[in-house]
Each structure stands twice: as structure tokens, then as C-alpha cells.
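Student: Got a sequence here, can you model it:
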Amino acid sequence: MNGLTGWTSGKLRAGLTGVLVAASLAATACSGVPHSSRPEVVRPVDENANAVARGPAITPTPGDDPRAIVNGFLQAAVSSDSGHSEARQFLTTDAKRKWQDTSTTVADDYGISIADARGNSATVTVSWNRIGQLDNRGVFTPTLKDDGTSDKQNFTFELIHSDGEWRIDSPPQGLLIKRSDFLSSYRARSLYFFDTSESQLVPDLRYSQLDGQALSSWLLGQLVAGPRDELATSVVNELTDPVDVRRAAVTFGERIQLEMPGSTQIDSVGRLRLAEELAWTFGSIRFGTTMRITDNGVPIDLPNVGTEFSTANFQSVGPQDNGNPSGAFYYVLHGALIDGLTNRPVPSRLGLPTADLKSVAVLPQGSSDARIAAVSNTGAFLIGTLQGGLKQLAVPGVILSRPEFNINTADAWVITSHGAYRISHDLAIHPVNLASSRGGLPRGDHAAVRFSPDGARIALAFSSSQGNNLWIGSVVVSGSDTRIDNVEQITPDLLDVADVTWSNATTMLMIAQDRTVPNSRRKVWSVQSDGSLLVEQSVEGLPGDPDTITSGPGQFALVAVGQTIWIQRSSTWAALSGSGQTPGASPVYAP
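Tutor: Predicted coordinates for the structure are as follows:
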């Protein structure tokens, strides 16, 4: 056998033209600022959908030649039947025992060579461009090399002619599927764990082909195993002692029953948190389904809830994906801060051109005031309140990013040539440590910093010689200290990311340029927090290349093009005001 020993070896990542799906924000017939309709946020797949209906079983046909056997094996591997029994029918008896199906390689496409048959032996080579991999936990790892689709691999199958039929004797370990099959057969599912303050659930994105009881059991197993490595230090798993996880079980039906031996020993607060984690994790299987926790078959009573519950009981801790479609947003015009809902200067000194603002972050506090962090046109960092005005702080280095607030801690953040800094409520300046689990953070500038709606993750655009790449890190709060752990690159090297924003708890929108395309322009892209489903969005209607972008749960995306503001409506962009172009720059939503 030549080629690789299996298509799961090596570093596997997703590419620019990798897993593409049609995705858009909501369509609306009205013009002007968002004020009533809730848009449909960008989603790679419908998390509430049932599994794709299975077609006829794929099995070997008598007289199939070696190439047909290999092709049948690859197609059957897409099936979600238990243990991939259909695919195993294409293997010899010995190969059936040895083959493992616990990992999946996602390929841009693959090609199958003509068979080289000699007597009772034959070889068939399969070649593909790898764009990512799923492990047995459903964790997707994208390809980062070049444009993300240039990770070329091949594997040579060895076949034996026995009992009058060809069968594969040396399959690679794991599955190989095309991106089209990944889109049609896999569903995005989220495990939910609490942040370190145990006040907000954080989604941990996974992919699975399963549904119903099989999916329920798989999700429970993943909850028991805990979060992905990148979230290990920034979330808390409530499914721990005194629950005996070895005997934990789930029964799927009109009501989902979760047998949690030992759960009667948990105090009332702990029982609620466990129910919240379970409700949101299993709530995506069937919309509106109710659940109950039992201990040795006896239902557990939850304070102020009862024995049955659903996600509707725990909206306050759920994923921040709904938002307020009439939420406040702001932008800058000639140095003044403008209220985007009225297109008028804010009623304070910050609404005057003398404020000399270049970019801002806004954190509401009460009904009449808000905290403001800003960067001036002279490069100074400013902080204060809307009504009380701003004070300049001497943050070390040259400021490189727009400011940002962490909604959980209310700290302001900014990136400078010296690193990342957070400014606490007492105006103390704290350097922030960034650490990668694999080492080797880029030696370059930072272009953007944005927190996820739950405040548990941070998106950073690093500018380096390899490109302006997007990285994701986990926010770890310990007492009065905050650090960023497990900072990992999620976009390919040759995608230059200029700005980024979160549109919901797992999806980001970016302004980026594809350097693999000659004379390419900056466009809007979407990507999941694990680097999957990288999608180039339409820029129809924009008069030029976008500069900055903002969005949020339930909000329309806004971009600045030059000195004008534009809003995304369905697959096109329109002027913010129906009466014509709206002058302004650096739009930002207030969370």
C-alpha cells in the first residue's frame, strides 16, 4: 500500500472555498433603520431540523469492479446507520474488524483513479483536497494552509478478489466525505456549559449525523466528557458529582427523560443549573419538547419550576441569539457621536464635532446614560459616560483597534502595539495575557477585538506577514484578573481579515479579502466560532469595499463604506436611510 496510512493524519483545517452554504440575514420590505422586524440570523444549518431522509441502502452489486467497490464504500460512509454497517459490506471480513469510523475528513471533493488489477489483487487511488476534520466528539478542525483547500492528500485502497467478488482489504481509518455531503448529512448541535460565573450558558458547537434517541445518547455522552479543549478553562460543567455519570441515561420521546442517579443530593441552586444546562443542550432535538430529571426513576422537583421543564423556563441564561431588533446603535460623523435610531447627534458634548471621535464602544447603564470607550482621531484612548463626558487615559503603545466592552465584566478593551489592555471600572489599565495552547501567537499587529454575546469568547484579528487572520480565545475571569486562554487561528492564512463582529453566540461576520484571487476586494464573510462554514456573503448594493462591520443577536448587520453607513437586507445592502445615503463611519451596536 502506498500513499498515506489514513486520511485522518496531519493538521486538518477548513478553507476559503470550503464548506459553503447559502446564508443571509432577514429579508424586509421596509427601508431605513431596523425598528420592528427581527432578521433571520446567519445559520449554517437548521439546528431544529430532523436528519435528512435516508435514501435506498447502498450495498455492493454482484460483479462490481474494484473502482465501483471503492466508490460504493465512500458513498455508503455518508450514511448515519449504527457503526456504518452499509460501508462495512464493501470490506473483507478482516478489514471489517479493523476499520474505525470515529473520525471524519471533509474534502472539497475527491477523485477516484482507474483500478490497477493484477490477478486477485487490485489497487485504486483516491485523491482529495482536505478542508477540515471531525473527531469522534463532533469537534470540527479547519485547514489553515494557504487558502484552506490546498491540503492535497491521497490514499491507495488495496482490494482482494474472493468468492467471486472484489472487497476492500485495506481501508483508511475514518470516513472521507465531500463538503456537499457534510452540508446535507450533518447538523450543527450545541452542548451548553456555564461560564465561570455560572450566570450564562456558553454554546460548544459540535456536528453530528444522528437524530432522535441516537442523538440524545450521543449528546449525553459528550456532556459527560465535557467541553472541547479550547473552552476547558472558561466554562463549568454542571454534570458532575454527586451525579453518577456512569449510570446517567436519556430516553427520547414526546418528553425527554434524563436519568441522573444521585441528583437528589444536589442543592436547589445546583439542580436548577443542571436543568438549565440539560434543557438547552437537548432542546434543539425537538422544538418545544419538555424534559424531566429523574433519580432512580423518581422525578426531581425544581424550585419554582416543578418536575417538567423546557428552554422556555430558562430564557435568561440561554444563548444570546435573539437580542432586541430595535436595539440602539451609534456611529461617528465628523468627530461627533450619532444616535443611529434617530440619525441625530447624541444630546451631550459627545454629539459635537469637537469630541473628535474616530470609533466608539457603548455599554448602556440605566435608561438615560451609557459607558463610552472611544479612540480619538489623534489616536488617544478615551473613556467615560455619555452624559458625564470622556477622560483620556495613557494606554501604552499605539492604538490599533476599535474599543470594545465585555458585557459580563463591563471592562473596556483595546489593542495597541504593545498588546491587549482592559480598563476596569475604576479606570485602572491592566495588560492582558494571551496564551495559545499550541504556542506561537503571531508576531504582528492586531486589527480588531470583539467579544461573543455571552462574553466567554473573544475574536481577535491579528495582522502578520502571513495575513490578517482571525483567532478565537477563551475568556477566563479569576477574581479581579482576566486572561485569554487557548487562542487559536480559525481562518486560512491567505484570508486577510480587517474587522469582525458576532452576529449570534456561534456565528461571526468579517470584512476580509481573499489573497488567492488576483485583484480581489474586501467583502463580507461569515464563519462559525470553530472555523467551519466559511461563507462569502453578497456585497450587492455596496458602493465600494466595506471598512468596518457591526452586528449582534437579532440585529441587521451594518457596515461603513468610506464615510457612509449601509445596512444588510436579505442578500443585498441598502442605504441606512430611505431618503438617500447616510454619511458616517464606524457603526456599533450597544449590547
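
Student: contacts and neighbour counts: CA atoms only from here.
Tutor: Fine.

Student: Name the residues of the helix or strand encompassing residue 373 that are buried.
Tutor: Per DSSP states H and E: residue 373 is located in strand 369-376. Residues 370, 371, 372, 373, 374, 375, 376 are the ones in strand 369-376 that count as buried (16 or more other CA atoms under 10 Å).

Student: One more: stretch 522-540?
Tutor: 522-539.

Student: Narrow the residues you listed to those in strands?
Tutor: With strands defined by DSSP state E, the entries of those inside them are 523, 524, 525, 526, 527, 528, 535, 536.

Student: mind putting those residues in JSON lines, pLDDT and distance to residue 267 included?
Tutor: As requested, these are arranged in JSON lines below (pLDDT from 0 to 100; distance: CA to CA, whole Å):
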{"residue": "523", "pLDDT": "95", "distance to residue 267": "51"}
{"residue": "524", "pLDDT": "96", "distance to residue 267": "48"}
{"residue": "525", "pLDDT": "96", "distance to residue 267": "45"}
{"residue": "526", "pLDDT": "95", "distance to residue 267": "42"}
{"residue": "527", "pLDDT": "96", "distance to residue 267": "40"}
{"residue": "528", "pLDDT": "96", "distance to residue 267": "36"}
{"residue": "535", "pLDDT": "89", "distance to residue 267": "45"}
{"residue": "536", "pLDDT": "92", "distance to residue 267": "48"}
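
Student: Could you list the domains of the protein?
Tutor: 66-185, 188-317, 329-589 (automatic domain parsing).

Student: Mind checking the ones you listed for the one nearest to residue 58?
Tutor: Proximity to residue 58 (CA to CA) singles out domain 66-185 among the domains of the chain, at 5.6 Å.

Student: I'd like the average pLDDT over the closest one.
Tutor: For domain 66-185, the mean pLDDT works out to 92.

Student: What mean pLDDT does the helix or strand where residue 269 lies get?
Tutor: Per DSSP H and E, residue 269 falls inside helix 268-282. Computed over helix 268-282, the mean pLDDT rounds to 96.

Student: Pull out the buried positions in that helix.
Tutor: Neighbour count says helix 268-282 has 271, 272, 273, 274, 275, 276, 277, 278, 279, 280, 281, 282 buried, by 16+ other CA under 10 Å.

Student: Could you report the separation of residue 421 from residue 548?
Tutor: Applying CA to CA, to the nearest Å, the value for residue 421 to residue 548 is 21 Å.

Student: Residue 497 now?
Tutor: For residue 497 relative to residue 548 (CA to CA), the value is 11 Å.

Student: for this structure, what are the low-confidence residue spans?
Tutor: Screening the chain residue by residue with the criterion pLDDT under 70, one finds the ranges 1-55, 82, 321-326, 437-446, 464-467.

Student: From the contact counts, what lies against the lengthiest strand in it?
Tutor: When the chain is parsed with DSSP E, its longest strand is strand 121-134. With contacts taken as 3 or more CA pairs under 8 Å, 6 or more residues apart in numbering; DSSP states H and E, strand 121-134 sits against helix 66-76, strand 104-112, strand 116-118, strand 140-142, strand 151-162.

Student: and the helix or strand hosting residue 331, what does it pack onto?
Tutor: According to DSSP H and E, residue 331 maps onto strand 329-333. Judged by 3+ CA pairs under 8 Å, 6+ apart, the packing partners of strand 329-333 are strand 336-339, strand 357-365, strand 585-589.

Student: what sits up against it?
Tutor: Applying CA atoms under 8 Å, 6 or more residues apart in numbering, the contact partners of strand 329-333 are 337-341, 353, 357-360, 583-590.

Student: at 7 Å what do you get?
Tutor: Identification of contacts with strand 329-333 by CA atoms under 7 Å, 6 or more residues apart in numbering yields 337-341, 357-359, 583-590.

Student: Burial check on residue 62, number of neighbours?
Tutor: Residue 62: 9 surrounding residues under other CA atoms under 10 Å.

Student: wait, what's in contact with it?
Tutor: Taking CA under 7 Å, 6+ apart, one finds residue 165 in contact with residue 62.

Student: related to what we said a few turns ago, run the angle between the longest strand of the chain and strand 104-112 for me.
Tutor: Strand 121-134 and strand 104-112 are oriented at 140 degrees to each other (axes from the mean of the first three to the mean of the last three CA atoms, to 10 degrees).

Student: now strand 121-134: how far from the chain's centre is it?
Tutor: Centroid displacement of strand 121-134 relative to its chain, using CA atoms, centre = their mean, to the nearest Å, is 27 Å.

Student: circling back: for the domains of the chain, give me CSV that also has distance to residue 60.
Tutor: Formatted as CSV, these follow (distance: least, CA to CA, whole Å):
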stretch, distance to residue 60
domain 66-185, 6
domain 188-317, 23
domain 329-589, 33
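
Student: so residue 567 makes contact with residue 561?
Tutor: No: counting by CA atoms under 7 Å, residue 567 sits too far from residue 561 to count as a contact (10.7 Å).

Student: Would you mind telling me which of these two has the busier surroundings?
Tutor: Set side by side, residue 567 and residue 561 show more neighbours around residue 567, with 25 against 20, by other CA under 10 Å.

Student: Excluding chain neighbours, what is closest to the more buried one?
Tutor: residue 558 (4.6 Å; CA to CA, 6 or more residues apart in numbering).

Student: do you know how far the nearest residue to residue 489 once chain neighbours are set aside is from residue 557?
Tutor: Once flanking residues are discounted, residue 489 sits nearest to residue 471: 4.1 Å by CA to CA, 6+ apart. Note on residue 471: its distance to residue 557, by CA to CA, is 21 Å.

Student: Could you report the separation of residue 518 from residue 510?
Tutor: 20 Å.

Student: That should have said residue 160, apologies.
Tutor: 50 Å.

Student: the more surrounded of these two?
Tutor: Shown here are residue 160 and residue 510; by other CA under 10 Å, residue 510 has more neighbours (26 against 21).

Student: My read is that the more buried one contacts residue 528, right?
Tutor: No: taking contacts as CA under 7 Å, residue 510 lies outside contact range of residue 528: 10.9 Å.

Student: List the neighbouring strands of the strand holding residue 331 plus their orientation.
Tutor: When pairs are called by DSSP bridges, strand 329-333 turns out to pair with strand 336-339 (antiparallel), strand 585-589 (antiparallel).

Student: Mind exporting the C-alpha coordinates of the one helix or strand residue 486 maps to to CSV?
Tutor: Using DSSP H and E, residue 486 maps to strand 481-489. Provided in CSV are the C-alpha atoms of strand 481-489 (Å, rounded to 0.1, in the frame of the first residue of the first chain):
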residue,chain,number,x,y,z
ASP,A,481,-7.9,39.2,36.9
THR,A,482,-8.9,38.3,33.4
ARG,A,483,-6.8,36.4,30.8
ILE,A,484,-7.3,34.9,27.4
ASP,A,485,-6.5,31.2,27.0
ASN,A,486,-6.4,28.8,24.1
VAL,A,487,-6.1,31.5,21.4
GLU,A,488,-6.4,29.5,18.1
GLN,A,489,-6.4,30.6,14.5
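
Student: Pull the number of nearby residues for the residue lying closest to residue 176 once chain neighbours are set aside.
Tutor: Closest residue in space to residue 176, ignoring its immediate chain neighbours: residue 105 at 4.9 Å, by CA to CA, 6+ apart. Using other CA under 10 Å, residue 105 has 26 neighbouring residues.

Student: Looking at the ones in strands among the buried residues of stretch 522-540, which one is closest to residue 192?
Tutor: For these, the closest approach to residue 192 (CA to CA) belongs to residue 528, at 16.0 Å.

Student: Next one: the nearest residue to that closest one once chain neighbours are set aside from residue 249, what distance?
Tutor: Nearest residue to residue 528, sequence neighbours excluded (CA to CA, 6+ apart): residue 507, at 4.6 Å. According to CA to CA, residue 507 and residue 249 sit 31 Å apart.

Student: which of the two has more neighbours?
Tutor: Neighbours were counted for residue 507 and for residue 249 using other CA under 10 Å; residue 507 has more, 24 against 16.

Student: Quick check: the more buried one touching residue 531?
Tutor: No: distance between residue 507 and residue 531: 9.6 Å, which falls outside the contact criterion (CA under 7 Å).
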